[in-house]
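Visitor: Fold the following for me, if possible:
(one chain, ligands or ions: 1)
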Amino acid sequence: MLSPIHHTFGPHVDREAMRKILAVSFAPNRYVQGKSTEELRVALSKKIGGDASLFASGRESLLALLKAMNLRSGEEIIVQGYTCVVVPNAIHAAGGVPIYADIDEATLNLTPESVAVCITPRTRAVICQHTFGMVADTKGLRVLCDLHNILLIEDCAHVIPDDSGPKEIGTLGDAIILSFGRDKAISGITGGAVITRKPDLGAAIRSLESSAIDLSWHEVTTLLTYAPRMRWIVRPLIWCGLQKPILALLNAIGLFSPILTEDEREGHMSPLLRKLPNACAALALHSLSRLKEINDHRRMLTAFYLEEGKKRGWPLLLAIRSDLPLQKFPLFVSNAKEKRALLRKDNIHLDDGWTGCVVCPDTVDLDEAGYASGLDPNAEKVCRAILSLPTHLTMTMKQAKVLVERIGMLLG
Ligand SMILES: Cc1ncc(COP(=O)(O)O)c(C=O)c1O
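Guide: Just a heads-up that it's a prediction; the model follows:
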């Protein structure tokens, strides 16, 4: 049986990551506090350029930034249709209103034109997402934001550039949001950062970080079980479904931490900010030290899918370039949901939570998220037709070859 092809079963957890996780696990006195947090802060400040503050997730990093901006009730933040619910949740938690601007089908990103029509006197910022590592028009958005005196926030949860680029990402924003989540650009199992080039804002966010609460030792332990759970239970057993009772058991004994809570799916986020635990900082730092390797692997698979797609006449997104370290490689197909169900029978799991929904995942309450049906037609079209192929570190070229053959058969 082919080892599973997937997006979400520990995409960063290879042997090297596992070795680091075990090393970190054997230092239980440094789970919550230690020197890795400061080391990560210094590394990120240097890499991205600006004041870095660290929190327990990307969503909390965004919330801290919005709190530091002192949003007044009713003030607006422009986000794109086709985003994760945690983004509008953070805006709501900070007292703001998310305004959904439509995306360009070729880039899955905002455009200056789609943003311009959403700007009002209440607009305070634009969050530009670089969806799946595709480059958004930051130059155009920068001009627009300067014209209206509003902040440009680059959400780099899906991509962190390295020496080989993409140079357009992370350079023009007033603030950069990073996530160290399980399937993001780099991973610390959980965690996030906000880096800003505005000193006043940076100081306000650092003060919010100082008063943030620590995760408990038990919570960090639970997070550290993620890697062995994925590597030794989910990946080997997913083909026969046996992972389910084992995960249910782990859940019952409190050794499970979901990426999204029920409250978050329903459009609510706690206003509490939590510090990045030292163990997760150590893992994120290790992952950051492997950024070139991680991105080069993504570039290799992006180039492979692109070449195969061209040869096979697949409907490819115009913005995809072979030098991009895509977090995943999007295709548009008809009956995408049915195709994913067929692929599952071959142990190919392409469900990534970014399908069939403008505010993801598809179980989100759109009213609570503040999205009205019909608002962003491109985003609605894209999310129905999207089928994304994995590019992560644990996806091998051998698996990619199997995947393109299988998809080739499905697309005819
Ligand atoms: C585009 C985007 N921004 C921000 C986040 C928040 O990251 P985190 O999961 O670390 O809170 C996510 C997470 O799914 C995301 O997809």
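Visitor: Between the two ends of stretch 183-190, how far is it?
Guide: 10 Å (Cα to Cα, to the nearest Å).
Visitor: Distance-wise, check the closest residue to Val402 other than its chain neighbours relative to the ligand.
Guide: Leaving out its chain neighbours, the residue that sits closest to Val402 by Cβ to Cβ, 6 or more residues apart in numbering is Leu2, at 6.3 Å. Backbone N, C-alpha and C define where each C-beta goes, glycine included. For Leu2, the distance to the ligand equals 28 Å [Cβ to the nearest ligand atom, to the nearest Å].
Visitor: wait, what's in contact with Leu2?
Guide: Leu2 makes contacts with Asp346, Asn347, Gln399, Val402, as judged by Cβ atoms under 8 Å, 6 or more residues apart in numbering.
Visitor: Verify the contact between the first one and Ile407 for me.
Guide: It stands for Asp346. No - using Cβ atoms under 8 Å, Asp346 is not in contact with Ile407; the gap is 10.7 Å.
Visitor: residues bridging contact with those two, i.e. touching both?
Guide: Common neighbours of Asp346 and Ile407, using Cβ under 8 Å, 6+ apart, do not exist here.
Visitor: Of these two, which one has the most company?
Guide: More crowded of Asp346 and Ile407, by other Cβ atoms under 10 Å: Ile407, with 22 against 15.
Visitor: Give me the secondary structure label for that one.
Guide: The local conformation at Ile407, judged by DSSP: H, G, I helix; E, B strand; the rest coil, is helix.
Visitor: Please name the residues that touch Phe332.
Guide: Contacts of Phe332 by Cβ under 8 Å, 6+ apart are Pro315, Leu317, Val382, Ala385, Ile386, Leu387.
Visitor: How about it: which residues does it bridge to?
Guide: Ile386 (DSSP bridges).
Visitor: what does the model give it for pLDDT?
Guide: On pLDDT, Phe332 comes in at 95.
Visitor: I'd guessed Leu393 sits against His12; true?
Guide: Yes - using Cβ under 8 Å, Leu393 is in contact with His12, at 5.8 Å.
Visitor: Restricted to helices, list the contacts of Leu2.
Guide: Mapping the contacts of Leu2 onto helices (DSSP state H) picks out Gln399, Val402.
Visitor: Filter the contacts of Leu2 down to the buried ones.
Guide: Among the contacts of Leu2, those classed as buried by 16 or more other Cβ atoms under 10 Å are Asn347, Gln399, Val402.
Visitor: neighbouring contacts of the helix or strand hosting Leu250?
Guide: In the assignment (DSSP states H and E), Leu250 maps to helix 243-252. Helix 243-252 is contacted from outside by Thr225, Arg229, Ile233, Val234, Leu237, Phe256, using Cβ under 8 Å, 6+ apart.
Visitor: How about stretch 208-223?
Guide: Everything outside stretch 208-223 that qualifies as a contact, by Cβ under 8 Å, 6+ apart, is 28, 31-33, 53-56, 60, 64, 67-68, 189-190, 254-257, 272-275, 277, 279-280.
Visitor: measure it end to end?
Guide: Taking Cα to Cα as the measure, stretch 208-223 stretches 24 Å from start to finish.
Visitor: What residues of that stretch count as buried?
Guide: Under 16+ other Cβ under 10 Å, the buried positions of stretch 208-223 are Leu208, Glu209, Ala212, Asp214, Leu215, Glu219, Val220, Thr221, Thr222, Leu223.
Visitor: Take the helix or strand following the helix holding Leu250, keep the C-alpha atoms, and write them as PDB.
Guide: Beyond helix 243-252 on the C-terminal side, the first helix or strand identified by DSSP H and E is helix 262-265. Only the C-alpha atoms of helix 262-265 are listed here, as PDB (Å, rounded to 0.1, in the frame of the first residue of the first chain):
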ATOM      1  CA  GLU A 262     -15.800  24.700  17.900                       C
ATOM      2  CA  ASP A 263     -16.100  28.400  19.000                       C
ATOM      3  CA  GLU A 264     -13.700  29.400  16.300                       C
ATOM      4  CA  ARG A 265     -15.700  27.500  13.600                       C
END
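Visitor: Distance from helix 262-265 to the middle of the chain?
Guide: 17 Å (Cα atoms, centre = their mean, to the nearest Å).
Visitor: How about that helix, which residues are buried there?
Guide: Buried residues in helix 262-265, counted by 16+ other Cβ under 10 Å: Glu264, Arg265.
Visitor: Ok, stretch 70-89 next?
Guide: For stretch 70-89, the neighbour count (16+ other Cβ under 10 Å) marks 71, 75-89 as buried.
Visitor: for stretch 271-281, same thing?
Guide: For stretch 271-281, a neighbour-count test (16+ other Cβ under 10 Å) marks Leu273, Arg274, Lys275, Leu276, Pro277, Asn278, Ala279, Cys280, Ala281 as buried.
Visitor: ok, the first one touching Phe55?
Guide: Yes - counting by Cβ under 8 Å, Leu273 touches Phe55, with 5.9 Å between them.
Visitor: intersection of neighbour lists for these two?
Guide: Leu63, Ala64, Glu209, Ala212.
Visitor: Return the residues of the protein in contact with the ligand.
Guide: Within the chain, the residues that sit near the ligand (Cβ under 6 Å from any ligand atom) are 57-59, 83-84, 86-87, 129, 155, 157-158, 179, 181, 192.
Visitor: Please pick the buried ones from those.
Guide: Among the residues of the chain next to the ligand, those buried by neighbour count (16+ other Cβ under 10 Å) are 57-59, 83-84, 86-87, 129, 155, 157-158, 179, 181, 192.
Visitor: Now Val117. Nearest residue, chain neighbours left out?
Guide: The shortest distance from Val117 to any non-neighbouring residue, by Cβ to Cβ, 6+ apart, is to Ala101 (7.6 Å).
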